[in-house]
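Asks: Have a look at this fold, sequence not included:
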């Protein structure tokens, strides 16, 4: 692949995550000196590998892998502080991307000649600039959460991951727990807008989004779905864990002191992402569970599978349709 063709490929991506993966692939295919390329994130004071290119293969990890090589750690730590660092066969750049926690690009192999180094710096700048444009497009302007234009792609990725996990579970050293989708709806939000005005309602939405960011994990994906509804994609949790996590947020929000409001509560419907076949089917299941929660007292959680088992709901059929965004 020629470099200009690679840049064209990068520009066709719809999310910052896929742009970063395209960057790794471009480096591996166009820079013969590069033996290995890694994307790193910093979490809890340690550096983790999120994706890597090696021996002609691009890999995106299901779960972060700890970076332990001392030479690579030294270069990566210096790059976090200085922006760029080089030591021996390793060099690293701090990336200015906004939509993912990726913070570093680390390359191993022969040192690039001057023209190659200049081309690499230009490529990184292109990726950073394009990532900023995507971030502005993919973020809700009020809350800063992801908007629904990214939702279908993320759900389809989770569906593909669930299928791959089911096919290859026996070969994995660690059992991977499923992904889940939850729809959250602020109870009686129309009354808030009617009584206090839409500007006040926007402040409530902003506060709720801040509580979500504080409560959920960095790897959980938070969306403003529209109006007073939010969507969360949670990965690698068992049924008990996802219930605890969502119940914790429901409780924290109900206990939070919102200015001028006596109380604020939220209803949540959620479903496991597995073999639904389409993003719309996944959303349909969570929405049915949410509707049940709203009709049965509000301020509560509802698990789609549990409601099915209890005969409270009828099954939502799988389909191949896309999400209706308008």
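Replies: Nice, I can see it. Computed from a predicted structure; not experimentally measured. Numbering: from 1, shown residues only.
Asks: which residue packs closest to residue 212, ignoring adjacent ones?
Replies: Nearest residue to residue 212, sequence neighbours excluded (Cβ to Cβ, 6 or more residues apart in numbering): residue 222, at 5.3 Å. Where you see a C-beta, it was placed from the backbone N, CA and C, and this is true even at glycine.
Asks: how close does the one you found get to residue 295?
Replies: Distance of residue 222 to residue 295, computed by Cβ to Cβ, to the nearest Å: 25 Å.
Asks: Have a look at those two and say which one is more surrounded.
Replies: residue 222 (20 against 10; other Cβ atoms under 10 Å).
Asks: which strands and helices sit next to the helix or strand containing the more buried one?
Replies: Element membership for residue 222, per DSSP states H and E: strand 221-226. Counting by 3 or more Cβ pairs under 8 Å, 6 or more residues apart in numbering; DSSP states H and E, the packing neighbours recorded for strand 221-226 are strand 146-147, helix 151-168, helix 198-215, strand 229-234.
Asks: Could you pull out the buried residues of that strand?
Replies: 221, 222, 223, 224, 225 (16 or more other Cβ atoms under 10 Å).
Asks: what pairs with the nearest residue to the first one once chain neighbours are set aside across the strands?
Replies: For residue 221, the nearest residue in space outside its immediate sequence neighbours is residue 233; the separation is 4.1 Å by Cβ to Cβ, 6+ apart. According to DSSP bridges, residue 181, residue 221 are recorded as the beta-bridge partners of residue 233.
Asks: Please verify my assumption that residue 233 contacts residue 155.
Replies: Yes - between residue 233 and residue 155 there is a contact under Cβ atoms under 8 Å: 7.2 Å.
Asks: who touches both of these two?
Replies: Counting by Cβ atoms under 8 Å, 6 or more residues apart in numbering, the residues touching both residue 233 and residue 155 are 181, 273.
Asks: in this structure, which spans are strands?
Replies: Under the criterion DSSP state E, strands of the chain are mapped to 34-43, 46-54, 57-66, 84-87, 90-94, 104-109, 146-147, 179-186, 221-226, 229-234, 266-273, 301-303.
Asks: okay, those in a markdown table with mean pLDDT and distance to residue 243 next?
Replies: A markdown table is the format used below for the strands of the chain (pLDDT from 0 to 100; distance: least, Cβ to Cβ, whole Å):
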| stretch | mean pLDDT | distance to residue 243 |
| --- | --- | --- |
| strand 34-43 | 87 | 24 |
| strand 46-54 | 86 | 27 |
| strand 57-66 | 70 | 21 |
| strand 84-87 | 92 | 44 |
| strand 90-94 | 93 | 38 |
| strand 104-109 | 93 | 35 |
| strand 146-147 | 90 | 23 |
| strand 179-186 | 97 | 10 |
| strand 221-226 | 94 | 18 |
| strand 229-234 | 97 | 11 |
| strand 266-273 | 98 | 9 |
| strand 301-303 | 98 | 7 |
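Asks: Out of these, which is closest to residue 73?
Replies: Ranking the strands of the chain by proximity to residue 73 (Cβ to Cβ) places strand 46-54 first, at 6.5 Å.
Asks: residues of the closest one that come out buried?
Replies: 47, 48, 49, 50, 51, 52, 53.
Asks: With stretch 34-42 instead?
Replies: 34, 36, 37, 38, 39, 40, 41, 42.
Asks: Just the closest of these to residue 194, please.
Replies: Nearest to residue 194 among these: residue 41, at 43.3 Å, using Cβ to Cβ.
Asks: Could you tell me the angle between the longest helix seen in the chain and strand 90-94?
Replies: In the chain, with assignment by DSSP state H, the single longest helix is helix 114-138. On the basis of axes from the mean of the first three to the mean of the last three Cα atoms, to 10 degrees, helix 114-138 is oriented at 30 degrees to strand 90-94.
Asks: avg pLDDT for helix 114-138?
Replies: For helix 114-138, mean pLDDT rounds to 85.
Asks: just checking, what packs against that helix?
Replies: Using 3+ Cβ pairs under 8 Å, 6+ apart: helix 114-138 touches helix 3-11, helix 16-30.
Asks: Residue 268 is nearest to which of these?
Replies: The nearest among the helices and strands packed on helix 114-138, by Cβ to Cβ, is helix 16-30 at 25.7 Å.
Asks: what's that closest one in contact with?
Replies: Helix 16-30 is contacted by residues 1-3, 6-7, 9-10, 13, 34, 37, 39, 51-54, 56, 58, 60, 95, 97-100, 102, 105, 107, 120, 123-124, 127, 130-131, 134-135, 138 when judged by Cβ under 8 Å, 6+ apart.
Asks: Now do that helix and helix 114-138, the angle between them.
Replies: 160 degrees.
Asks: what mean pLDDT does helix 16-30 have?
Replies: Here the average pLDDT along helix 16-30 is 83.
Asks: Quick check: buried residues in it?
Replies: Residues of helix 16-30 classed as buried: 16-30 (neighbour count, 16+ other Cβ under 10 Å).
Asks: I'm done for today, thanks for sticking with me.
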